[in-house]
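Enquirer: build me a structure from this.
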Amino acid sequence: MRLLQEQNTAENDKDIAVEDDLLLIEDNGVTAKRVCGVPVYRLNTYCTWTMTSFQRPSTMNGKNIDRDAKTYQTYTKRRDYEWQIVWRNVLAFIYLHVASLYGVYLIITLKSKIWTLLFAVLFASLSAMGVTAGAHRLWAHRAYKAKWPLRLFLAVLQTMAFQNHIYEWVRDHRVHHKFTETDADPHNAKRGFFFSHIGWLMVRKHKDVFEKGASVDMSDLEKDPIVMFQKKTYLIVMPILCFLLPAWIPVAVWGETPWHSWYVAAMFRYTLTLHFTWLVNSAAHIWGNRPYDKYIGATDNKTVAICAFGEGWHNYHHVFPWDYKAAELGHYSTNISTALIDWAAKYGLAYDLKTVSEDMIRKRVSRTGDGSHPLSKGEANSHEDHHHPENPVWGWDDKDMPEEDRKLAEITNKSD
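Expert: Model prediction:
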């Protein structure tokens with residue numbers, strides 16, 4: 001039985017027929033009908049298949065398929081991966097959310113000081129910038145370059161966020177882009193909203209995550225002394241910056257009680273930043289439009305973009321992961337991270353900002369868009385037999401990045 005993983009294999013195969021969202025693959029008298037509802041190139045071990053024995057059809061041209069059945073046999077494809085729950089993480093998340101709910105109670109009942117809430121929001125925003133402008137756009141995708149003062153500043157902010165050190169964060173994220181929505185994707189969205197949102201942190205990673213992760217080039221981070229220093233000192237510095245410092249400042253500066261400060265400025269603030277980040281992995285792979293590529297799971301979601309400081313334009317981002325804006329438009333109201341990078345570039349701290357030309361966008365929208373982009377004139381581009389030949393890339397220096405993209409990319413604030 002042949003379950004196709006690569007679309008270029010399917011292009012010339014005479015024993016395959018696709019009818020809308022129905023896939024039939026025929027081999028030796030056995031036909032498999034897909035019932036998991038995903039495009040052929042997104043198949044993995046979590047698809048459920050109905051196997052039916054048919055008479056071998058005399059012809060299989062286009063949609064003319066002989067479905068006269070002799071006998072029927074059905075079974076469900078067994079998973080080759082069983083979740084192993086990490087109970088330490090489960091208990092930690094339970095405490096974190098209970099504590100955060102208590103923090104919300106202190107806020108809405110006005111038991112905590114208003115300055116504590118404002119401080120929590122400010123601290124959360126700064127730490128989020130360390131993830132979005134730092135770990136994500138700078139280090140994971142190399143969408144721009146930064147001088148050491150900016151890199152140090154972003155590394156401190158990213159440590160405040162406590163989402164693992166930069167090196168691990170980047171490795172997982174590059175694997176996510178290279179092998180999105182497969183077993184090698186750490187937060188595979190095809191396993192459901194809960195898994196891609198928080199569940200992936202409660203179980204041990206699939207073996208494919210480690211195997212594919214080992215193939216991702218991380219040499220650029222290994223040459224960055226700031227990244228490697230953070231990695232070595234993370235377990236010492238992170239608790240101070242993420243929990244102790246934000247809990248101490250309200251007590252020391254405006255006389256908040258230690259109890260209230262802990263649950264509002266530390267617990268509530270930290271949980272809020274986690275969920276805003278997680279929405280990119282979950283909601284932005286389910287709800288929204290796919291203006292640039294309707295064949296991938298990532299979507300453009302304005303609500304997520306606002307919550308995650310510009311990271312919700314996810315369909316665009318997966319198509320052009322090396323764009324420093326992570327979006328086609330640079331509106332600061334829904335992309336605060338871009339505002340920070342532009343400000344840094346103005347003062348010479350950020351440079352070589354990569355972005356996508358209008359011509360590249362027009363061509364991609366015309367070829368693979370879902371019809372929601374203004375350039376598509378409201379028509380989904382379903383007339384083309386597109387088999388998604390593009391190799392996913394994690395960012396600018398990915399070896400699989402097409403040379404044409406490098407030539408057509410626009411680079412601003414170039415280094416001297």
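Enquirer: separation between the closest residue to Ala305 other than its chain neighbours and Leu101?
Expert: Distances taken as Cβ to Cβ, 6 or more residues apart in numbering put Gly312 closest to Ala305, at 3.0 Å, once the chain neighbours are dropped. Using the backbone N, CA and C atoms, a C-beta is placed for each residue, glycine as well. Counting by Cβ to Cβ, to the nearest Å, the gap from Gly312 to Leu101 is 25 Å.
Enquirer: of those two, who's got more company?
Expert: Legend: neighbour count by other Cβ atoms under 10 Å for Gly312 and Leu101, higher for Gly312 (28 against 14).
Enquirer: so who does the more buried one touch?
Expert: 279-280, 284, 288, 300-306, 334 (Cβ atoms under 8 Å, 6 or more residues apart in numbering).
Enquirer: export these to CSV and tack on distance to His197?
Expert: What follows is the contacts of Gly312, written out as CSV (distance: Cβ to Cβ, whole Å):
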residue, distance to His197
Leu279, 7
Val280, 10
Ala284, 11
Gly288, 15
Asp300, 18
Asn301, 13
Lys302, 18
Thr303, 14
Val304, 12
Ala305, 17
Ile306, 18
Thr334, 21
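Enquirer: which PyMOL command selects the buried ones in those?
Expert: Only the buried entries of those go into this PyMOL selection, using 16 or more other Cβ atoms under 10 Å:
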select buried, resi 279+280+284+288+300+301+304+305+306+334
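Enquirer: where along the stretch 101-250 of the chain do the helices fall?
Expert: Assigned by DSSP state H, counting those that start in this stretch, the stretch 101-250 of the chain shows helices spanning 114-129, 148-161, 166-178, 193-197, 207-213, 219-222, 225-239, 245-254.
Enquirer: the longest one to helix 148-161, inter-axis angle?
Expert: By that I understand helix 114-129. Put simply, helix 114-129 runs at 120 degrees to helix 148-161, going by axes from the mean of the first three to the mean of the last three Cα atoms, to 10 degrees.
Enquirer: what do you get for the last one?
Expert: Helix 245-254 and helix 148-161 meet at an angle of 90 degrees, taking the same axes, to 10 degrees as the criterion.
Enquirer: in helix 245-254, what counts as buried?
Expert: 246-251.
Enquirer: what's the next secondary structure element after it?
Expert: helix 258-261 (DSSP states H and E).
Enquirer: residues in contact with that next one?
Expert: Taking Cβ under 8 Å, 6+ apart as the rule, helix 258-261 contacts 106, 111-113, 116, 246-248, 250-251.
Enquirer: now, the most widely separated pair of those residues?
Expert: Lys111 and Trp248 (19.2 Å; Cβ to Cβ).
Enquirer: if we can go back for a sec, and the helices of the stretch 101-250 of the chain: which comes nearest Leu353?
Expert: That would be helix 148-161 among the helices of the stretch 101-250 of the chain, by Cβ to Cβ, at 12.5 Å.
Enquirer: returning to what we had before: out of the contacts of Gly312, which are inside helices?
Expert: The helices, defined by DSSP state H, take in 279-280, 302-306 from those.
Enquirer: how far away is the residue nearest to Ala305 from Val304?
Expert: Distance, Gly312 to Val304, using Cβ to Cβ: 3 Å.
Enquirer: which residues are common contacts for the two?
Expert: 279-280, 284, 288.
Enquirer: for stretch 255-275, buried residues please.
Expert: Across stretch 255-275, burial judged by 16+ other Cβ under 10 Å covers 256, 260-274.
Enquirer: my guess is Thr271 contacts Val98. True?
Expert: No. If you go by Cβ atoms under 8 Å, Thr271 and Val98 don't touch, sitting 10.1 Å apart.
Enquirer: need the contacts of Gly312 in TSV (columns: pLDDT and distance to Lys232).
Expert: Compiled in TSV, the contacts of Gly312 are given as follows (pLDDT from 0 to 100; distance: Cβ to Cβ, whole Å):
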residue	pLDDT	distance to Lys232
Leu279	98	31
Val280	97	28
Ala284	97	33
Gly288	96	39
Asp300	96	38
Asn301	96	37
Lys302	94	39
Thr303	95	38
Val304	96	33
Ala305	95	34
Ile306	94	35
Thr334	88	36
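Enquirer: Asp220: which of the contacts of Gly312 is nearest?
Expert: Closest to Asp220, out of all of the contacts of Gly312 and judged by Cβ to Cβ, is Val280, at 22.7 Å.
Enquirer: can you tell me how far the nearest residue to that closest one once chain neighbours are set aside sits from Pro321?
Expert: Of all residues not flanking Val280 in the chain, Glu311 sits nearest, at 4.9 Å (Cβ to Cβ, 6+ apart). Computed as Cβ to Cβ, the Glu311 to Pro321 distance reads 12 Å.
Enquirer: try Ala345
Expert: 19 Å.
Enquirer: compare neighbour counts for the two and give me the winner.
Expert: Pro321 (25 against 20).
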